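Trainee: okay, here's the prediction I keep looking at, along with the sequence it came from:
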Amino acid sequence: MIAATGLGKTFGATLVLEDVTLDVPAGQCLAVLGPNGAGKTTLLRILATLARPSAGTLRIDGVDAVREPDAVRARIGMVAHGSHVYEDLTALENLRFWAAMGGLDASLARLRERLQAVELDIVADERARTFSAGMKRRLGLARVTLGQPRLLLLDEPFNGLDRRGQKWLGEFLLAFKAGGGTIVLATHGFASALAVADRAAILVGGRIALDRAAAGLEREALHRLYDDLIEAER
Amino acid sequence: MPHRPLVGALGWLALLALLAGLGMAFGYAPREAVQGNVQRIMYVHVPAVLTAYLAFGLVLVGSIGYLATARMGWDRLAAAAAELGVLFTGITIASGSIWGKPTWGTWWTWDARLTSTAILFLVYVGYLLLRAMVEEPERRGRFAAVVGIVGAANIPIVHFSVKWWRALHQPSTILGPEPSPIAAPIALALLVNWVAFTLLFGYFLTRRVEIARLEDAALQGAVRAR
Amino acid sequence: MSGYARRVGIVLWKDLLVERRTKESLNALLFFGLLLLFLFQFSLGPDRAQVESVLPGLLWLGFVLAGLLGLGRSFLAERDNDCWEGLLLTPGDKSAIYLGKLAANLCVMGAVELVILALFGLFFDVDLSRALPGLAVVLPLGTLGLATVGTLFAAVTAQVRARELLFPVLLLPVQVPVLLATVSATQVALAGQPLADARAWLQLLAAADLVYLVIGLLTFEFVLEA
């Protein structure tokens, strides 16, 4: 699904990513861990075609993402810090806007169904301004799954969610995977990440310091590996 | 990038041409009957405005080139040309003003050329200001290119609107070159000065683009060294 | 409905919906227009004949100033709500977003201008009835010239430092020639003269509008991607 080779990104004089190579097969979930400033967000943005890599190649679902970003965009969805939610519109109106912008089915039935899937149907006609961070995140997920994307990119999706919210998100992502979808998520939360991830990669100083299967990886073991790598970088 | 000796030669040629132009402006060209010696400033004023237009044309070329190819070289060209354009526009306005004072009694007159030039000055100063406010090179280049294209498209619109507006509000008192037909010595002096200015512009432009290129390369080098 | 038209429509729908709900821009602009009229009245003094000649200029000064405020906010919602990237990720020709925004801006500006015009007629005791057919042509053309560039530059400056300063600095010089044309044409309209008298100006305006619109459509995606 994702084939990235030697990705690099430079902002002016700062090297943010260096020689990042990833291979994520369809139907799998990759968790990208790392300290602040390691380049997680930049990597996700490049995968989402929101930023162009300064070096390397990237193929998503067989398409060259750098040369044909538009072809890739139809198949992916990204939920990041910015919620892409218009605060003065209701949940339903937000979905209607994004559905129409994406050239998708914007019928009331479809929109309500999506809101139901993220448990926001009760507040369908409330303005997004009144939503909590978690609700906005869920609205973002509803928006992003309108078009049945094949790849979900999530930047710190568990942030600010309470226990119940985290559990719900985990189930949502597992269901997405079960439907054949691929996920890449950047996170700080080891436990939640391990619950959904098939592979874990640790990004330190813009480089991949670790990339292995998550199966059988205990949280403590991962913690130790993580701390060691941070120490080594220093 | 052109070889050092070539660029150096261009610089010397420009200097020679300038000296020749200066000589012609003061020695060869006749003293104008009505306005006196102050009219000689035209030999600076007219070539300056022509060079400014050349510069702004290059800004357009660089802007389109950058949007089309995303190669930084085009953006460097646009930026350097804009800087020089602002410089030569400034010279045009200043020389026009100096000409105007003894001739018409005021430092400023809403003459068609002066007005158009002043508007363009403001447009491209804005362009440079925008560049100063954006740090990331790719972004800066793209934003600047869009503004550069709008600025260039504005030029013919400025030309016509100011000309017609002038015709409406004031009888034409153009700080024009001279009453026609143009006397041969005056035309020759003008031509030499114009060529000199163009050569000088070319020299400055090449130098400026080279400096920009070196700056970018140094930045890349610093990145790689980390 | 074709995908492109659908996207233009939904952007227009969203902007008008937000505007109707919050009434932020509309209220502020209307009040601002009112304040301007007061200022003009008091700073120009009661001498009727003196005011008469500058009326077209005043009217458009008011429109431009209101436009600066209103247009500058075009992409505020996108920036505040972090929707910029969401728009970038939508498939298809991004110029649809520009067109939708432009349409929404025209609606808001149009409403504001009509109210200011009415108040204008009231305050300065101008008989608008004979001017209306002429104004019905000049106003849209002039507003289009303002809004096409204004919407584009609003997108450029939305995420740049010193946005509030840079937006007018970039927009105003480019607007000067458009202003010359609109004020001249408005003068003809206000005097009740047939519009054919201002034909050249109107043609220039229409040409400028077309050029700016095309540039906006072609370059918007580069601004979005930046």
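Mentor: Nice, thanks for sending it over.
Trainee: residues touching B:Gly126, list them.
Mentor: Listed by CB atoms under 8 Å, 6 or more residues apart in numbering or on different chains, the contact set of B:Gly126 reads B:Val147, C:Leu166, C:Val169, C:Leu170, C:Pro173. The way it works is simple: take the backbone N, C-alpha and C, and place the C-beta from them, glycine included.
Trainee: let me know the closest of those residues to C:Leu34.
Mentor: C:Val169 (26.2 Å; CB to CB).
Trainee: of the contacts of B:Gly126 - the most surrounded one?
Mentor: B:Val147 (30 neighbours; other CB atoms under 10 Å in any protein chain shown).
Trainee: that residue sits in which helix or strand?
Mentor: helix B:137-169 (DSSP states H and E).
Trainee: name the helices or strands packed onto that helix?
Mentor: Under the contact criterion of 3 or more CB pairs under 8 Å, 6 or more residues apart in numbering or on different chains; DSSP states H and E, helix B:137-169 touches helix B:42-69, helix B:72-104, helix B:112-133, helix C:132-157, helix C:163-190, helix C:199-225.
Trainee: what does stretch C:219-226 rub up against?
Mentor: Counting by CB under 8 Å, 6+ apart, B:67, B:138-139, B:142-143, B:145-146, B:149, C:84, C:87-88, C:93-95, C:97-98, C:152, C:155-156 sit against stretch C:219-226.
Trainee: okay, now the domains of chain A?
Mentor: Domain assignment for chain A, taken from automatic domain parsing, gives A:2-75+A:149-233, A:87-148.
Trainee: do the first one and chain C meet?
Mentor: Yes - shown here: domain A:2-75+A:149-233 in contact with chain C (CB under 8 Å from any CB of the partner chain) through A:Ala48, A:Thr49, A:Leu50, A:Asp70, A:Arg73, A:Ala74.
Trainee: strands of chain A, start to end?
Mentor: A:2-11, A:14-24, A:29-33, A:55-60, A:63-64, A:76-79, A:151-155, A:182-187, A:199-204, A:207-213 (DSSP state E).
Trainee: can you list those in a markdown table and add mean pLDDT?
Mentor: What follows is the strands of chain A, written out as a markdown table (pLDDT from 0 to 100):
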| stretch | mean pLDDT |
| --- | --- |
| strand A:2-11 | 85 |
| strand A:14-24 | 86 |
| strand A:29-33 | 89 |
| strand A:55-60 | 89 |
| strand A:63-64 | 88 |
| strand A:76-79 | 89 |
| strand A:151-155 | 92 |
| strand A:182-187 | 90 |
| strand A:199-204 | 84 |
| strand A:207-213 | 76 |
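Trainee: need the residues of domain A:2-75+A:149-233 next to chain C in CSV (columns: pLDDT).
Mentor: Below are the residues of domain A:2-75+A:149-233 next to chain C laid out as CSV (pLDDT from 0 to 100):
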residue, pLDDT
A:Ala48, 90
A:Thr49, 89
A:Leu50, 87
A:Asp70, 84
A:Arg73, 87
A:Ala74, 85
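Trainee: so of those, which ones are in helices?
Mentor: A:Asp70, A:Arg73 (DSSP state H).
Trainee: could you pick out the buried ones from the residues of domain A:2-75+A:149-233 next to chain C?
Mentor: A:Ala48, A:Thr49, A:Leu50, A:Arg73, A:Ala74 (16 or more other CB atoms under 10 Å in any protein chain shown).
Trainee: hmm, which two among those are most spread apart?
Mentor: A:Leu50 and A:Ala74 (14.7 Å).
Trainee: tell me, how many residues neighbour A:Ser132?
Mentor: A:Ser132 has 12 nearby residues by other CB under 10 Å.
Trainee: relative to chain C, how far out is it?
Mentor: For A:Ser132, the distance to chain C equals 16 Å [CB to the nearest CB, to the nearest Å].
Trainee: at the contact with chain B, which residues of chain C appear?
Mentor: Residues of chain C lying near chain B (CB under 8 Å from any CB): C:149, C:152-153, C:156-157, C:160-162, C:166, C:169-170, C:172-174, C:176-178, C:180-181, C:184, C:200-201, C:204, C:207-208, C:211-212, C:215, C:219, C:222-223, C:225-226.
Trainee: which residue packs closest to C:Arg161, ignoring adjacent ones?
Mentor: Leaving aside its sequence neighbours, C:Arg161 sits nearest to B:Met133 (CB to CB, 6 or more residues apart in numbering or on different chains; 4.7 Å).
Trainee: I'd like the strands of chain A written out as CSV, with mean neighbour count added.
Mentor: Listed next are the strands of chain A as CSV, based on neighbours: other CB atoms under 10 Å in any protein chain shown:
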stretch, mean neighbour count
strand A:2-11, 19
strand A:14-24, 18
strand A:29-33, 25
strand A:55-60, 19
strand A:63-64, 14
strand A:76-79, 24
strand A:151-155, 23
strand A:182-187, 25
strand A:199-204, 22
strand A:207-213, 16
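Trainee: can you put the ones you listed in JSON lines and add distance to C:Met109?
Mentor: Formatted as JSON lines, the strands of chain A follow (distance: least, CB to CB, whole Å):
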{"stretch": "strand A:2-11", "distance to C:Met109": "37"}
{"stretch": "strand A:14-24", "distance to C:Met109": "41"}
{"stretch": "strand A:29-33", "distance to C:Met109": "46"}
{"stretch": "strand A:55-60", "distance to C:Met109": "42"}
{"stretch": "strand A:63-64", "distance to C:Met109": "41"}
{"stretch": "strand A:76-79", "distance to C:Met109": "34"}
{"stretch": "strand A:151-155", "distance to C:Met109": "38"}
{"stretch": "strand A:182-187", "distance to C:Met109": "42"}
{"stretch": "strand A:199-204", "distance to C:Met109": "48"}
{"stretch": "strand A:207-213", "distance to C:Met109": "51"}
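Trainee: which one of the ones you listed lies closest to B:Thr51?
Mentor: strand A:2-11 (36.2 Å).
Trainee: and the spatially most central residue of chain B, what is it in contact with?
Mentor: Centroid-nearest residue in chain B, with CA atoms, centre = their mean: B:Ala52, separated by 1.8 Å. Listed by CB under 8 Å, 6+ apart, the contact partners of B:Ala52 are B:Gly85, B:Phe88, B:Thr89, B:Thr92, B:Thr117, B:Leu120.
Trainee: which one of those residues sits closest to chain A?
Mentor: For these, the minimum distance to chain A (CB to the nearest CB) is 25.8 Å, reached by B:Gly85.
Trainee: what's the following helix or strand after the helix or strand where C:Phe42 lies?
Mentor: Using DSSP H and E, C:Phe42 sits within helix C:24-44. Under the assignment DSSP H and E, the closest C-terminal helix or strand after helix C:24-44 is helix C:48-72.
Trainee: what mean pLDDT does that following helix have?
Mentor: For helix C:48-72, mean pLDDT is 85.
Trainee: so which bits of that helix are buried?
Mentor: Buried-residue list, helix C:48-72, by 16+ other CB under 10 Å: C:51, C:55-56, C:58-60, C:62-72.
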